[in-house]
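Colleague: need a 3D model of the sequence below.
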Amino acid sequence: MLKVDLQRDLFVRTLLSPLHIFQTRANDLANLMEDKFEMEGTLQEIPPEPRLVINTTCYETGKLFRIEQGRMGDYQLGYVRNPQMKISEAVAASAGFPVGIGPLEICPEDHSWFAFENGGLNRPISPPELERIHLWDGGVYDNLGDEPLYNPGEGWREGCLTTYN
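Modeller: Below you'll find the predicted structure:
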């Protein structure tokens, strides 16, 4: 990993295709990670434990948009059950610093959406009325990335193994 310069490779891709300068580079980053790091597969192909939560920030809501094996979404837009997303795309979305890389775009119409109620995704809802959802670096919303583990009003979330319990 230390011998690969993704930043240089993204720059070279932009020079070779100058029209890409006005588009997001998150998709290019995902493709580079697949090529250079052999990062292959979808979220559904990783083991269910330990629970992997990839944090992004939804540009449209300004809220934490979680991507994990069982769901992706935020409490304002709703959630997608068992998202069929490439691991490289989820990582690129999380790394999508607003100025340097930009957002990963997903189309809401490509997914079935659910409301999170009573601890599950049981009630189908309409897709968000957006042409695209833009996912940025998770640090824009939660720089420490601890919200999936700890709720300030309630304490440690269920299923978190900590030495502080």
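
Colleague: so what strands line up beside the helix or strand of the chain with the lowest mean pLDDT?
Modeller: Ranked by mean pLDDT, DSSP states H and E, the helix or strand of the chain with the weakest confidence is strand 150-151, at a mean of 72. Note on strand 150-151: by DSSP bridges, its sheet partners are strand 155-156 (antiparallel).

Colleague: distance between the strand it pairs with and the chain's centre?
Modeller: A distance of 23 Å separates the centroid of the chain from that of strand 155-156, by C-alpha atoms, centre = their mean, to the nearest Å.

Colleague: ok, stretch 5-24 next?
Modeller: Taking C-alpha atoms, centre = their mean, one finds the center of stretch 5-24 at 21 Å from the center of the full chain.

Colleague: now do the helices in this structure.
Modeller: Remark: helices assigned in the chain by DSSP state H are 6-16, 26-37, 87-95.

Colleague: which residues touch the second one?
Modeller: To tie it back to what came earlier, the one meant is helix 26-37. 1, 4, 6, 9-10, 13, 20, 39-40, 86, 88-89, 91-93, 95-96, 101-105, 135 (C-beta atoms under 8 Å, 6 or more residues apart in numbering). Placement of C-beta: from N, CA and C, glycine included.

Colleague: buried subset of those residues, written for ChimeraX?
Modeller: A single ChimeraX command selects the buried members of the contacts of helix 26-37 (16 or more other C-beta atoms under 10 Å):
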select :6,9,10,39,86,88,89,91,92,93,95,96,101,102,103,104,105,135
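
Colleague: quick one: the strands in the protein, in order.
Modeller: 53-58, 64-68, 71-74, 78-81, 104-106, 113-117, 120-125, 133-137, 150-151, 155-156 (DSSP state E).
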